[in-house]
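Q: Next one to model:
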Amino acid sequence: MEIARRTKIMLVVFLVSIGVLALLYWRTSRAAYESAKYVVVRSEGDFEIRDYAAMVLAETPLAGGEAGRDGSFLRLFRFITGANEARQKLAMTTPVLIDAEPSGGRMSFVLPAEVGLPQVARPADPSVSLRGVEPTRYAALRFPGSISEKRQDVAYARLLELLKERGLEARSGPRFAYYDPPWTPPFLRRNEVLVRIADSEPSTSSPH
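A: Now for the predicted structure:
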C-alpha cells in the first residue's frame, strides 16, 4: 500500500513538472519573436478592440486544407530566409495571418517593424507579394485549440455576436491570427479572429 502511494505521488510530481516545463517553453518560445504592434482600446476578457500600427505584409495565396496552408507557409518562409532579389534575410515574427475568402484567401507574415516597404527586397517567387498596411482598428477575439475551419467559424460567429451586442459593425471579413508553432499543445495556443471596425473610440491603453 505504501509503495503504491509513493508511486502515485511520484507520478503526480512528474506530471506537474512536465506541465511546468511545457509552460515555460511555450512562454519562452513565443517571447522570442517580435509581434505586430497594437494598442488596446477596450478589453473585455477574450474580446478586445485594438489600434494596430502601420505594418508591411508579405503575403501569398492560400490553398484549401492543411497541405495548402503548409505550402503557403513555406513560400513565405523561403522569402524571409533569402528567396528574394537581394538575398535579404528577415526575422520571423508573430502572428501568422490567414485572411479567409471564398476564393481561397491569403496567408501573410508581418515583417519586422524597423523594415519599411522600400527597404524590402522583391520576392523571387512571383506568388509572394508585399503590401503596406495603414494603421487600422480591429476587434479581436481569442480562442484556443489547433487550426481548424470549424473552430474558425465558431470564433468568427461569436465575434460578430459580440460586435452586434455592442452596436459595432464589422467592416471586413475575418482575419485569423496564429501565434504559436505547430508543436505547441492546443490548450496553450494563442489564436485570434479579427475584423476591421470604424475608428470611433480614443486609445487609452499601453501598446503591445
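Q: Residue 94 contacts residue 36, correct?
A: Yes. The pair residue 94 and residue 36 qualifies as a contact (CB atoms under 8 Å) at a distance of 7.5 Å. Glycine gets a C-beta too; all of them are placed from N, C-alpha and C.
Q: Now for those two: what residues contact both?
A: Contact criterion CB atoms under 8 Å, 6 or more residues apart in numbering; residues shared by residue 94 and residue 36: residue 110.
Q: pretty sure residue 79 contacts residue 130?
A: No. Counting by CB under 8 Å, residue 79 sits too far from residue 130 to count as a contact (9.1 Å).
Q: so what sits against both of these two?
A: Residues touching both residue 79 and residue 130 (CB under 8 Å, 6+ apart): 58, 123.
Q: Neighbour count: the two, which is higher?
A: The neighbour comparison of residue 79 against residue 130 (other CB atoms under 10 Å) goes to residue 79, with 27 against 16.
Q: Contacts only, for that one.
A: Residue 79 sits next to 58, 109, 123-125, 128 when contact means CB under 8 Å, 6+ apart.
Q: hang on, it in a helix?
A: Yes. Judged by DSSP: H, G, I helix; E, B strand; the rest coil, residue 79 forms part of a helix.
Q: ok, the helix or strand containing residue 109: who's next to it in the sheet?
A: Element membership for residue 109 (DSSP states H and E) is strand 106-110. Strand 106-110 sits in its sheet next to strand 55-61 (antiparallel), strand 96-99 (antiparallel), going by DSSP bridges.
Q: Report the mean per-residue pLDDT for the first one.
A: Taken as a whole, strand 55-61 carries a mean pLDDT of 96.
Q: Could you do stretch 124-137 as well?
A: The predicted model gives stretch 124-137 an average pLDDT of 97.
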